[in-house]
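**Q** this is the structure alone, sequence omitted:
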């Protein structure tokens, strides 16, 4: 592992999306901490990753402990647990980058856009955590199954929204470590676009029998 790489705490890292992101960051050589509501589930996932990547040193902790231990904190929890998770880690994440992957899906109508009063989950997180936390919204539009398949990089671009350019840049690097392209799309207010798009993609997956539709950004200069 490269010491210069920041440690990443993945809250909800025992789930499909969090687990897929953690898997790719471990492969890329990042120090990873798996967080879960219960420490034993996180420890089990950590053991599995350590068995798959010997010497990676993945740790498992409850969400609050993981948030305190990680330099960058990634939230991959369901929307129903969003606020309670923020409350449990608020003190631990002060001064850090928090990558919010949450999508405001409201079952059973998950293919219908239903945004919270703040405008997006990312904006709600920024308002709740306060100005000393740099919330960056990203990774809403990539399917967990694609992340889990290390034989192929996901055919998907990632929209990265946040108020601090330097924080967005670090998250773009995390996107690239997962084998995808990340694009700055402006302040945290713009997170609403990627979050809403997830419901659209869910609808398209069902309508067109897709295993996980994604998006591509085209016609930008100097892009492969």
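**A** Thanks, I have the structure now. It should be emphasised that the depicted structure is a prediction, and the values quoted were computed from it without experimental measurement.
**Q** number of nearby residues for residue 52?
**A** Neighbour count for residue 52, taken as other CB atoms under 10 Å: 13. For the C-beta atoms, the positions are set from N, CA and C on the backbone; glycine is no exception.
**Q** the one 5 residues further on now?
**A** Residue 57 sits with 15 neighbouring residues when counted by other CB under 10 Å.
**Q** name the SS class of residue 60, please.
**A** Reduced to three states with DSSP: H, G, I helix; E, B strand; the rest coil, the structure at residue 60 is strand.
**Q** pLDDT weak spots in this protein?
**A** For the chain, the stretches with pLDDT under 70 are 1-3, 223-224.
**Q** tell me where the chain has helices.
**A** 16-27, 39-52, 63-69, 82-89, 121-129, 144-148, 165-177, 191-208 (DSSP state H).
**Q** out of the ones you listed, which comes closest to residue 6?
**A** Evaluated with CB to CB, the helices of the chain place helix 165-177 nearest to residue 6, the distance being 7.6 Å.
**Q** and that closest one, what's buried?
**A** The neighbour-count check on helix 165-177 (16 or more other CB atoms under 10 Å) flags 167-168, 170-172, 174-175, 177 as buried.
**Q** which of those lies closest to residue 150?
**A** Distances from residue 150 to those, taken by CB to CB, are shortest for residue 177, at 12.7 Å.
**Q** hang on, that closest one packs against residue 24?
**A** Yes: using CB atoms under 8 Å, residue 177 is in contact with residue 24, at 6.7 Å.
**Q** that older thread, need the helices of the chain in a markdown table (columns: distance to residue 220).
**A** Putting the helices of the chain into a markdown table (distance: least, CB to CB, whole Å) gives the following:
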| stretch | distance to residue 220 |
| --- | --- |
| helix 16-27 | 24 |
| helix 39-52 | 35 |
| helix 63-69 | 35 |
| helix 82-89 | 32 |
| helix 121-129 | 23 |
| helix 144-148 | 22 |
| helix 165-177 | 14 |
| helix 191-208 | 17 |
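**Q** indicate which one of those helices is closest to residue 101.
**A** helix 16-27 (6.6 Å).
**Q** could you say what helices and strands the closest one packs with?
**A** Judged by 3 or more CB pairs under 8 Å, 6 or more residues apart in numbering; DSSP states H and E, helix 16-27 is in contact with strand 8-11, strand 32-36, helix 39-52, helix 144-148, helix 165-177.
**Q** a markdown table please, covering these and showing distance to residue 106.
**A** Below are the helices and strands packed on helix 16-27 laid out as a markdown table (distance: least, CB to CB, whole Å):
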| stretch | distance to residue 106 |
| --- | --- |
| strand 8-11 | 21 |
| strand 32-36 | 23 |
| helix 39-52 | 25 |
| helix 144-148 | 19 |
| helix 165-177 | 26 |
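**Q** about what we covered before: select, out of the helices of the chain, the one closest to residue 154.
**A** Judging the helices of the chain by CB to CB, what sits closest to residue 154 is helix 144-148, at 3.9 Å.
**Q** which positions within that closest one qualify as buried?
**A** Result for helix 144-148 [16+ other CB under 10 Å]: buried residues 144, 146-147.
**Q** stretch 183-197 too?
**A** Applying 16+ other CB under 10 Å to stretch 183-197 flags 183, 185, 187-197 as buried.
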